[in-house]
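**Q** okay, predicted coordinates and the sequence, questions at the end:
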Amino acid sequence: MQLKKDNVTQMNVMSCLYKLKYIIYLNIYKFTNENA
């Protein structure tokens with residue numbers, strides 16, 4: 001049970017990091033397009 005819970009937590013953390021990275025990349029993309 002504990003192992004399964006840890007797996008779910010790890011997946012949630014990974015998806016959160018992925019979303020954060022996605023948002024950052026979007027902002028960089030917008031920023032460079034406005035400055036180009």
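**A** Now that the structure is in, tell me what you want to look at. Numbering: from 1, shown residues only.

**Q** any idea which helix or strand carries residue 34?
**A** Secondary structure assigned from DSSP states H and E places residue 34 in helix 2-35.

**Q** ok, residue 11 to residue 18 distance?
**A** 10 Å (Cβ to Cβ, to the nearest Å). Using the backbone N, CA and C atoms, a C-beta is placed for each residue, glycine as well.

**Q** any stretches of this structure with poor pLDDT?
**A** Low-confidence segments of the chain (pLDDT under 70): 1, 36.

**Q** distance of the residue nearest the centre of it from residue 35?
**A** Compute the mean C-alpha point of the chain, and by Cα atoms, centre = their mean the closest residue is residue 18, 2.1 Å away. Using Cβ to Cβ, residue 18 is found at 26 Å from residue 35.

**Q** ok, now residue 9?
**A** In terms of Cβ to Cβ, residue 9 sits 39 Å off from residue 35.

**Q** out of those two, which sits in the more crowded spot?
**A** residue 9 (10 against 6; other Cβ atoms under 10 Å).

**Q** now for the more buried one: which residues touch it?
**A** By Cβ atoms under 8 Å, 6 or more residues apart in numbering, no residues touch residue 9.

**Q** neighbours of residue 25, how many?
**A** Around residue 25 there are 10 residues (other Cβ under 10 Å).

**Q** and residue 19, by the same measure?
**A** Around residue 19 there are 10 residues (other Cβ under 10 Å).

**Q** also residue 2?
**A** Residue 2, neighbours per other Cβ under 10 Å, totals 6.

**Q** if anything else comes up later, I'll come back, but that's it for now.
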